[in-house]
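Participant: Take this sequence and fold it.
(one chain, ligands or ions: 1)
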Amino acid sequence: MTATSTPLKIRRLTYADLPHVIALERRAFPTPWSLAMFVLELSKASGVCLAALRDGELVGHLICSRYDTVWHIMNIAVDPAARRQGVASALLRDLIERVGGNDGAQITLEVRPSNDGAIALYEQFGFLSAGRRRRYYQDNGEDALVMWRTPATLDGRMDDIPNVAL
Ligand SMILES: CC(C)(COP(=O)(O)OP(=O)(O)OC[C@H]1O[C@@H](n2cnc3c(N)ncnc32)[C@H](O)[C@@H]1OP(=O)(O)O)[C@@H](O)C(=O)NCCC(=O)NCCS
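Facilitator: A predicted model of the protein is given here:
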């Protein structure tokens, strides 16, 4: 059986996963989140933190916080060895289902304008770019693209995007 044909399991992330999350995070990002940042997000009862597992091994994680009525994807990463196999898509599908993303829920995120792969992924899920946050990324001063997925963006419009600074 090939790796890609092994079923993927998506479930809530737990504190016990964190050593694996930290190791994956270091493989995925030049400026990875610290353990304390993951602990803080996991401690929020209103958030959704997900793990993707294949053969019992962590291959991806997703962290989403809730701010009032808006869901904010804070982090999504897939192990470099497991990319382009639908892992991030499975995490996003599961998140959208859990937060009611097809029943009116509004979801936002920031992404580096240079991250073409992630932007392509988000656009496939109905996210649209709605603006920029200037010099958002502290490591290199890069702007962030702010993307939203709302009932309007799923219809190619942006007229229901909240005017909020998250
Ligand atoms: C971005 C990331 C999460 C994508 O994870 P993934 O599991 O490989 O994504 P998927 O396999 O679900 O991709 C679904 C689709 O998104 C698009 N996509 C994903 N990665 C892409 C890439 N590197 N280049 C171009 N398109 C890409 C493709 O259309 C892809 O479909 P295809 O493989 O059939 O062409 C992963 O590359 C990653 O962890 N990157 C480092 C961390 C990061 O940048 N996170 C996002 C921060 S905002």
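Participant: quick check: domain ranges of the chain?
Facilitator: The chain breaks down by automatic domain parsing into domains covering 1-84, 100-166.
Participant: and the residue nearest to Val78 when sequence neighbours are not counted, how many neighbours does it have?
Facilitator: Leaving aside its chain neighbours, Val78 sits nearest to Gly60 (4.1 Å; criterion: Cβ to Cβ, 6 or more residues apart in numbering). (Glycine included, C-beta is placed from N, CA and C.) If you count neighbours by other Cβ atoms under 10 Å, Gly60 ends up with 26.
Participant: how about Gly60, what does it touch?
Facilitator: By Cβ atoms under 8 Å, 6 or more residues apart in numbering, the residues touching Gly60 are 24, 51-52, 76-79, 82, 87-88, 90-91.
Participant: In a markdown table, list the domains of the chain along with distance to the ligand.
Facilitator: What follows is these, written out as a markdown table (distance: least, Cβ to the nearest ligand atom, whole Å):
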| stretch | distance to the ligand |
| --- | --- |
| domain 1-84 | 3 |
| domain 100-166 | 2 |
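Participant: Kindly reformat those domains as CSV and extend each row with mean pLDDT.
Facilitator: Shown next, in CSV, are the domains of the chain (pLDDT from 0 to 100):
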stretch, mean pLDDT
domain 1-84, 94
domain 100-166, 93
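Participant: near the ligand at all, the longest helix along the chain?
Facilitator: In the chain, assigned by DSSP state H, the helix with the most residues is helix 87-99. Yes. Using Cβ under 6 Å from any ligand atom, helix 87-99 reaches the ligand at 87-89.
Participant: Convert whatever helix or strand comes next after that helix to PDB, retaining C-alpha atoms only.
Facilitator: Next helix or strand after helix 87-99 toward the C-terminus (DSSP states H and E): strand 106-111. The C-alpha trace of strand 106-111 is given here as PDB (Å, rounded to 0.1, in the frame of the first residue of the first chain):
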ATOM      1  CA  GLN A 106     -17.000  33.700   8.400                       C
ATOM      2  CA  ILE A 107     -13.400  32.500   8.300                       C
ATOM      3  CA  THR A 108     -10.300  34.600   7.900                       C
ATOM      4  CA  LEU A 109      -6.500  34.100   7.800                       C
ATOM      5  CA  GLU A 110      -3.300  35.900   6.900                       C
ATOM      6  CA  VAL A 111      -0.800  34.500   4.300                       C
END
